[in-house]
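> Take a look and give me a structure for this.
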Amino acid sequence: MSDRPKQFSIKALLDGNDEYVIPMYQRNYAWEEGEITQLIQDVIDYLPKQDKPARNYYIGSLVVYERPDSKTPVFETIDGQQRLTTLSLLTSYLKNTKAADLDWYSNLSIHFDSREHSRATFAAIFEGRFKDDPAEVLAEKQINTGILNGYRLIQKVLPQKLKENGVSAQQFADYLFNYVQIMRVKVPADTDLNHYFEIMNNRGEQLEKHEVLKARMMEKLQGCQQSQNCLHTVWEACANMERYVQMGFTPGQRSSIFGEQDWGRFEPANFDELTAALHRSPEVAYKEGAKLSLTDIIARPPVSAEKTDNGEEAPERFNTVINFPNFLLHVLRADTQADIPLDDKRLLDTFETHVLKQSDPVAAVKRFTFSLLRCKYLFDHYVIKREFIKGADGWSLKRFKWNDGGKAGGAGRGSYVNTFGEEDGSEGINRRILMLLSAFHVSTPTLVYKHWLNAALYYLFHAEQVEAQAYLRYMESVAKAFVFDRFLAPVAGLEYFAMIYGNKGVCQTRREGLTAETLRPRLSFGNIENNLVFNFLDYLLWLDHGASEPVKSYEFTFRSSVEHYYPQHPLQGIDQLAPEYLNSFGNLCLISHEKNSRLSNFTPGQKREFYQKNTLDSVKQHLMIKTEPWDAHAISAHYQQMMDVLLKSLASRDRVNPAGCT
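Numbers count the residues shown, from 1 in each chain. A predicted model of the protein is given here:
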């Protein structure tokens, strides 16, 4: 038998007494900004508040195999290496910046089997043999780009999160190393690791919080089987976020709920009408008068959607920008207009307060069930997805359309068409909304911070009718509010809830109150709070320069590295720029971390040659590479040009009325 699981503080885990080896069969380190930000935020969320004593936060488990015949304990890391690597990077950063007392962290606990570039990269980070960036002391072939990117993201994210939450680095470190706990689980010495991995890859899922929530809501409807069946059917139809909600119902149910003509409308006005629509459909999911237990209803498999001729409803075609537990919180916030957290760790507690413990919980559950289905319908039609067709993928903004020659439910064909018209040109309104929403999405990879999505759902949910131009104006105003009222605000920026629900998405910053010079400190390297500053600017530049290639076909992607186009540590003897030019927004652009690792010290001429032969990373960057020579004068001129574009967006007051938002 294996040893019993053992609980460790992060300090005890990483103090160097035990060695953790990442074996060759493990994939490379792959955490990006979303996962790293979430881990940091989770730790901050559990910091003791006011006079309350600190409590432990359990961060998960580390499954290991103890290698025999080692002089000191050596553990082969089987499961949890992404978390272990991130914790080691985070500890190294705190040590290197001297933000906390880490004298105990004198030996590196994490090691790599036969991966010299991983070993060299981690050694450079752990030993702090660089001024700003490990790439300063490593050749390209020595760098593991995933590990280097993780460290750079910690350099960026941790100071932002500490500042945003009013927490000192010492407070963060004290809690992280003493109160964050991890369980180390050793597998038996005679374990067949290949068989173990097979079991792990096929193991069943634990009951998730949203399934527990569903059961609690079903209990509130005990005694009304039609209401329970309505909740069950709606929940199962909405739970698959990658499938258009119409395909979660039978053809007859679709006709009752979404209209007989093309299943493209949402017809019920409340829960009772929704229940009646499901009840009158020919394939009703429950039998009249049948007495099913709550367990029977929950255990019953969801309605299986019939495939159309071309199978276009297959969930593999679309990837969603949010998961179901987080979506539930977005729906609750948009419906109640209460300042609830968008953090699925608090899912059950939040619903206890705002639904299950209301004075009339039955009415609250019914209201939420109806709101959930309506929001999923709106989400599917008016929020971007990632679409995969014939081996290619891209952002899409499409609605579901059924064409059966006038007889819904019969032989027909489902398809997906642009939500706002059929045009494909870059100037089309559908493409413009798609570009703006994708700029929002790639700027906030962490699910808990997708306030742009909450703003969109709030607008859509309370709008009497969704009209393309009004929706676009609203989301452009939200983008300006986020950028100018929060990220570039000279003092503490506005909270998201206040911007969306208090100010109705209307940007409060006026053009006459800003100049290029007043913005300069907030836009210098290290002070840019969120990548939306870059991506909103790219959206504006795309509008201005999108008539010709390569800008016309530009697409927003997840890019987390801020590049100095004129390098911080130039090669080949070119001059070092003064900091006011080097760190100016005019010299910065967003690129992928792979390109940043490869090109960070290249001269502007070398970078220009590379980028002209490769995919466009940003429209701002495209304009930069067209300028020769790239020097202090060019940087100053480019900065002023970019400020002109940003400030022009504030030229007139937004006339935004979320069409019924109250």
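
> Can you get me a residue count around residue 603?
Residue 603 has 17 neighbours, counted by other Cβ atoms under 10 Å. Any C-beta I mention is one placed from the backbone N, CA and C, and that applies to glycine too.

> before we move on, what about residue 393?
Neighbourhood size, residue 393 [other Cβ under 10 Å]: 13.

> Same check on residue 322?
Count around residue 322 with other Cβ under 10 Å applied: 20.

> show me what contacts residue 377?
Each residue near residue 377 by Cβ atoms under 8 Å, 6 or more residues apart in numbering is listed here: 245, 258, 266.

> all helices for the stretch 501-650 of the chain, in order.
Using DSSP state H, counting those that start in this stretch, the helices assigned to the stretch 501-650 of the chain run over residues 516-523, 532-545, 579-582, 593-599, 604-611, 619-625, 632-648.

> Would you single out the least confident of those helices?
Among these, helix 593-599 has the lowest mean pLDDT, at a mean of 69.

> For residue 437, grab the count of nearby residues.
So residue 437, with other Cβ under 10 Å, has 23 neighbours.

> That one: which element?
Assigned by DSSP states H and E, residue 437 belongs to helix 429-443.

> in the protein, which helix or strand is least confident?
One helix or strand of the chain scores below all others by mean pLDDT, DSSP states H and E: helix 294-299, with a mean of 50.

> show me where the stretch 151-300 of the chain has helices.
Ranges of helices in the stretch 151-300 of the chain, per DSSP H, counting those that start in this stretch, are 169-179, 193-202, 209-220, 225-239, 251-258, 271-280, 294-299.

> which stretch among those comes nearest residue 332?
Comparing these by their distance to residue 332 (Cβ to Cβ), the top pick is helix 209-220, with 10.7 Å.

> Who are the contact partners of the closest residue to residue 177 other than its chain neighbours?
If the residues on either side of it in the chain are set aside, residue 177 comes closest to residue 11, at 3.9 Å by Cβ to Cβ, 6 or more residues apart in numbering. With contact taken as Cβ under 8 Å, 6+ apart, residue 11 is in contact with 104, 177, 178.

> now residue 490
For residue 490, the contact set (Cβ under 8 Å, 6+ apart) comprises 518, 522.

> Can you tell me the SS state at it?
Of the three states, residue 490 takes coil under DSSP: H, G, I helix; E, B strand; the rest coil.

> That one and residue 559, how far apart?
For residue 490, the distance to residue 559 (Cβ to Cβ, to the nearest Å) stands at 27 Å.

> try residue 472
24 Å.

> Could you do residue 19 as well?
If you go by Cβ to Cβ, the gap between residue 19 and residue 559 works out to 35 Å.

> coming back round to it: so residue 472 and residue 559 - more neighbours on which side?
Just comparing residue 472 and residue 559: by other Cβ under 10 Å the higher neighbour count belongs to residue 559, 23 against 17.

> of all the helices of the stretch 501-650 of the chain, which lies closest to residue 35?
Evaluated over these, closeness to residue 35 peaks at helix 593-599, with 13.8 Å, by Cβ to Cβ.

> What count of nearby residues applies to residue 428?
Around residue 428 there are 16 residues (other Cβ under 10 Å).

> and the gap between it and residue 552?
Counting by Cβ to Cβ, the gap from residue 428 to residue 552 is 12 Å.

> Do I have it right that residue 264 meets residue 258?
Yes: if you go by Cβ atoms under 8 Å, residue 264 and residue 258 touch, sitting 6.5 Å apart.

> quick one on the thing from earlier: between the helices of the stretch 151-300 of the chain, which one is nearest to residue 568?
Taking Cβ to Cβ, helix 169-179 is the member of the helices of the stretch 151-300 of the chain nearest to residue 568, at 23.5 Å.

> residues of that closest one that come out buried?
Residues of helix 169-179 classed as buried by neighbour count (16 or more other Cβ atoms under 10 Å): 169, 171, 172, 173, 174, 175, 176, 177, 179.

> Kindly report the same for stretch 154-166.
154, 155, 156, 157, 158, 159, 160, 161, 162.

> Inside strands: which ones of these?
Applying DSSP state E to the buried residues of stretch 154-166, no entry is found in strands.

> so can I have JSON lines of the residues you listed showing distance to residue 350 and pLDDT?
Formatted as JSON lines, those follow (distance: Cβ to Cβ, whole Å; pLDDT from 0 to 100):
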{"residue": "154", "distance to residue 350": "29", "pLDDT": "93"}
{"residue": "155", "distance to residue 350": "33", "pLDDT": "90"}
{"residue": "156", "distance to residue 350": "29", "pLDDT": "88"}
{"residue": "157", "distance to residue 350": "25", "pLDDT": "90"}
{"residue": "158", "distance to residue 350": "27", "pLDDT": "93"}
{"residue": "159", "distance to residue 350": "29", "pLDDT": "91"}
{"residue": "160", "distance to residue 350": "25", "pLDDT": "87"}
{"residue": "161", "distance to residue 350": "22", "pLDDT": "89"}
{"residue": "162", "distance to residue 350": "25", "pLDDT": "91"}
